[in-house]
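S.K.: Build me a model from this:
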Amino acid sequence: MAGDARAALAEGLADAVGFLAGALLGWQAGRLFGVDVLASGLSTAQTAAAWALLLAGCGAGKWASMQWKARRRSGAGTPRN
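M.R.: Next up, the predicted model:
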């Protein structure tokens with residue numbers, strides 16, 4: 001039972017880290033392109049573009065964490081001697 005809880009915690013943390021890292025990367029990409037979700041006074045189109053980049057980053061981070069978990073489950077990441 002403790003192993004199940006540990007595995008569930010590891011999966012949840014991997015999802016959270018992927019989601020947060022993706023959000024930060026999406027936010028920084030938006031700032032690179034001159035649109036910032038946190039900036040005041042943006043027009044509607046700029047705000048929409050900033051949110052789109054932020055949300056795309058969140059999705060990409062979640063996807064990356066899912067891929068990492070799948071590789072870990074299949075054992076593809078373990079070295080073989």
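S.K.: mind listing the helices for this structure?
M.R.: Taking DSSP state H to define them, one finds helices in the chain at 2-32, 44-74.
S.K.: Give me the buried positions along the last one.
M.R.: To tie it back to what came earlier, the one meant is helix 44-74. Under the neighbour-count criterion of 16 or more other Cβ atoms under 10 Å, helix 44-74 has 46, 49-50, 53-54, 56-58, 60-62, 64-65 buried. Placement of C-beta: from N, CA and C, glycine included.
S.K.: Check the gap between the residue nearest the centre of the chain and A70 for me.
M.R.: Geometric centre of the chain, nearest residue: G61, 2.2 Å, by Cα atoms, centre = their mean. To A70, G61 is 15 Å away according to Cβ to Cβ, to the nearest Å.
S.K.: cool, L24 as well?
M.R.: Counting by Cβ to Cβ, the gap from L24 to A70 is 23 Å.
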